[in-house]
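Colleague: only geometry, no sequence info:
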Ligand code: GTP
Ligand code: MG
């Protein structure tokens, strides 16, 4: 996942950290309401999860609507200057247009959604395969087009640049400014969420990309579906995150089963292979090859077929997404649905998850490269578990969601019980009214003091359990319950997480005592927690002092809590403070 750069704020020049006069912010602040409210207007937020007032759609309903929308949509590479009006008029020959937007990625692109699917076929029927002179074109007819001007010089007047929609997360500098000018820590968490979550347009582009890949796979497996999963759809996706796709071949089986009747049973003749895994590898190998050879804009195709979960990884140039295509991965799709439900149950969940993920990224606790790091998926599980542990709980346990399920929710995948209620509206909201600020602080304190050496995190039961094995961090896979989703995490990475959690809890405690008034002059609240200096000072401090930093901070926290008295500093909770006990 291409997240905010490592060390979120390292890129900021010192003057940017200090200067209170920042034009865009003044503009934001000149309006009534909080920064978060302004960002909401500014950033055209996602809409993938609805507000508390509206009836909430089931995950399957949202995905079905998005898929149909994507099937009526085309992607057009446009000349850099184009008249929007003429462009739309030209395309309307093929049928009414429901929606469109422009964005930039290796040139100007338009995403155009027709009202009817037939319009796409009509457009394809008048589209030609380019003659390339010395090179030869593979005549693959997709829904990715290039629009050329017949006589660019003959344009009556220079058309204006069309308004482009950004598909990137806000820069570190902009995010930092927004955080510094927020009104409260709650507002900061909300601001971070609104500024970095997937936009409506980015969500559309993700579904369109899946649909385009489905067209390629569909050449071999008609009726297959390519479905997005992971953070693109679970409501925890951040602009710039990867696009996880699942090639679903089960639809094909379902279709044939439907047609079976009477005493006869007709079966396709097929090739048999020794195992499901080998079948998966063979299918992905061929689809990977097709994407590499014919897929417009699919570059850097890697077939990673010997992984635990075989996949094809590639970049989709036109959309700018880093894509992972898997098949036979239905449980991951179910996990995405479960996270979607948790994300939609209470508005604090996503805000907290985004902040914790951003904090982890800023301190290099997570990485886009696979390794011994905690993953975003594991962090999300930790936040969910923490919210299940509040009193009263903010989120229900998975066992509770299973108890609410009715017959039609029943779901068993490869022998694993994946049943839970899918109708969000039947789950009672929490009575807990804790603020985000408190939750953030308590999250760091909770995991800063968690007995990782003996306990496991388990969202199914929502309580700590003895670890069944000796991995430093044990987070039970909610569906494949014998598996640990954080088996890769080493003791040193876990220790780094604990150290930073304790220090962050301590900083928030300090700020409680002597809160600086929010201003752009200095980082405060969440912005302070994202400063990289803490890691540096911790590692420096570790080198200099005998007592481990984590222990010192733990002691500090205890002393603050028990005495409610002065900490050992003069600090306003600023990062520059000495952590010496
Ligand atoms: P990003 O970092 O934003 O991409 O988050 P993500 O949730 O999409 O994570 P990632 O791309 O690493 O994985 C995609 C999905 O695969 C997750 O949402 C999970 O559903 C599933 N997944 C990831 N890691 C594991 C794991 O260790 N075990 C299991 N069972 N599923 C996993
Ligand atoms: Mg992902």
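Modeller: Right, received. Where do you want to start? Predicted, not measured: the structure shown is a model, and the values here were computed from it. Ligands and ions are numbered 1, 2, ... in the order given.
Colleague: drop to CA atoms for contacts and neighbour counts, all remaining ones
Modeller: OK.
Colleague: and the residue of the stretch 51-200 of the chain that's closest to ligand 2?
Modeller: The nearest approach of the stretch 51-200 of the chain to ligand 2 comes at residue 198, 12.6 Å away (Cα to the ion).
Colleague: and that residue, how many residues sit next to it?
Modeller: Residue 198 is flanked by 31 other residues according to other Cα atoms under 10 Å.
Colleague: so which residues on the protein come close to ligand 2?
Modeller: 230, 242 (Cα under 5 Å from the ion).
Colleague: and the gap between the residue nearest the centre of the chain and ligand 1?
Modeller: Taking Cα atoms, centre = their mean, the centroid of the chain lies closest to residue 237, which sits 1.7 Å from it. Applying Cα to the nearest ligand atom, to the nearest Å, the value for residue 237 to ligand 1 is 5 Å.
Colleague: one more: residue 363?
Modeller: Counting by Cα to the nearest ligand atom, the gap from residue 363 to ligand 1 is 15 Å.
Colleague: residue 130: neighbouring residues, count only.
Modeller: Residue 130 has 11 nearby residues by other Cα under 10 Å.
Colleague: just checking, it touches residue 136?
Modeller: No - applying Cα atoms under 8 Å, one finds residue 130 not in contact with residue 136, separated by 9.1 Å.
Colleague: how about the stretch 201-350 of the chain: which residue is closest to ligand 1?
Modeller: The nearest approach of the stretch 201-350 of the chain to ligand 1 comes at residue 230, 3.3 Å away (Cα to the nearest ligand atom).
Colleague: looking at it, that residue is touching residue 336, isn't it?
Modeller: Yes - here residue 230 reaches residue 336: they are 5.4 Å apart, a contact under Cα under 8 Å.
Colleague: for the helix or strand hosting residue 351, name the packing helices and strands.
Modeller: If you go by DSSP states H and E, residue 351 is part of helix 347-362. Helices and strands touching helix 347-362, by 3 or more Cα pairs under 8 Å, 6 or more residues apart in numbering; DSSP states H and E, are helix 185-196, helix 330-345, helix 376-388, helix 436-448.
Colleague: what pLDDT is listed against the residue lying closest to residue 504 once chain neighbours are set aside?
Modeller: Nearest residue to residue 504 in three dimensions, chain neighbours excluded: residue 529, at 6.1 Å (Cα to Cα, 6 or more residues apart in numbering). Note on residue 529: pLDDT of 93.
Colleague: could you do residue 25 as well?
Modeller: 32.
Colleague: likewise the one 5 residues further on?
Modeller: Per-residue confidence for residue 30 comes out at a pLDDT of 32.
Colleague: residues in contact with residue 465?
Modeller: Residue 465 sits next to 455, 456, 457, 458 when contact means Cα atoms under 8 Å, 6 or more residues apart in numbering.
Colleague: quick one: which of the residues you listed has the most company?
Modeller: That'd be residue 457 among those, by other Cα under 10 Å, with 26 neighbours.
Colleague: read off the pLDDT value for that one.
Modeller: So residue 457 comes in at 97 (pLDDT).
Colleague: how many residues are close by residue 176?
Modeller: 25.
Colleague: then residue 446?
Modeller: Neighbour number of residue 446 under other Cα under 10 Å is 18.
Colleague: give the contact list for it.
Modeller: Neighbours of residue 446 in contact, by Cα under 8 Å, 6+ apart: residue 386.
Colleague: not counting its neighbours along the chain, what's nearest residue 440?
Modeller: residue 352 (6.8 Å).
Colleague: low pLDDT regions in the stretch 451-581 of the chain?
Modeller: 513-521, 532-581 (pLDDT under 70).
Colleague: for the residue of it at minimum distance from ligand 1, grab the count of nearby residues.
Modeller: Nearest to ligand 1 in the stretch 451-581 of the chain, going by Cα to the nearest ligand atom, is residue 485, at a distance of 3.9 Å. Residues lying near residue 485 (other Cα under 10 Å) number 20.
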